[in-house]
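Enquirer: the following comprises the amino acid sequence and a computationally predicted model.
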Amino acid sequence: MDDGVSVEQLGDGKWRVWAHVADPTSVLHDSHLLVDSARTRGTSMYLPYTTVPMFPWTLAAGPMSLLPGRVRSLHTAREASCCVRA
């Protein structure tokens, strides 16, 4: 999994939503051949019964994947308007 979502309960029925996206630059450098391929592809494709990753499965499901208990480089964004009511 190269993306993740987390939530924080704020009380009063409100929740804050966070989105986490794995950072492939921690594994690949600009000069790597896979970087050109990934730039051409642009993104992973998520289809109803399959996924076509931006990078080969060995990387996408391994060192570039957000796995429980593993430290990974990632980008995180917080839901800007804050507080989704349940």
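Expert: Yep, that arrived.
Enquirer: what number of residues lie near P53?
Expert: 19 (other CB atoms under 10 Å). Placement of C-beta: from N, CA and C, glycine included.
Enquirer: so how far is M64 from it?
Expert: 9 Å (CB to CB, to the nearest Å).
Enquirer: ok, L59 - contacts?
Expert: Counting by CB atoms under 8 Å, 6 or more residues apart in numbering, L59 makes contact with P24, V27, L34.
Enquirer: and those, which are buried?
Expert: For these, a burial check counting by 16 or more other CB atoms under 10 Å picks out P24, V27.
Enquirer: make a markdown table out of the contacts of L59 and add distance to V5, pLDDT and secondary structure.
Expert: Converted to a markdown table, the contacts of L59 look like this (distance: CB to CB, whole Å; pLDDT from 0 to 100; DSSP: H, G, I helix; E, B strand; the rest coil):
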| residue | distance to V5 | pLDDT | secondary structure |
| --- | --- | --- | --- |
| P24 | 19 | 78 | helix |
| V27 | 22 | 77 | coil |
| L34 | 26 | 76 | helix |
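Enquirer: which helix or strand in this structure has the lowest average pLDDT?
Expert: strand 84-85 (a mean of 58; mean pLDDT, DSSP states H and E).
Enquirer: mind listing what whichever helix or strand W18 is part of pairs with, with the direction of each?
Expert: Per DSSP states H and E: W18 is located in strand 14-22. Using DSSP bridges, strand 14-22 pairs in its sheet with strand 3-11 (antiparallel), strand 74-78 (antiparallel), strand 84-85 (antiparallel).
Enquirer: A60: which of these is closest?
Expert: strand 3-11 (11.2 Å; CB to CB).
Enquirer: ok, residues contacting stretch 35-46?
Expert: D2, P24, L28, H29, T51, V52, P53, M54, F55, A60.
Enquirer: how does it look with 10 Å?
Expert: Applying CB atoms under 10 Å, 6 or more residues apart in numbering, the external contacts of stretch 35-46 come out as 2-3, 24-25, 28-30, 32, 51-56, 59-60.
Enquirer: buried stuff in stretch 58-69?
Expert: L59, A60, P63, M64, S65.
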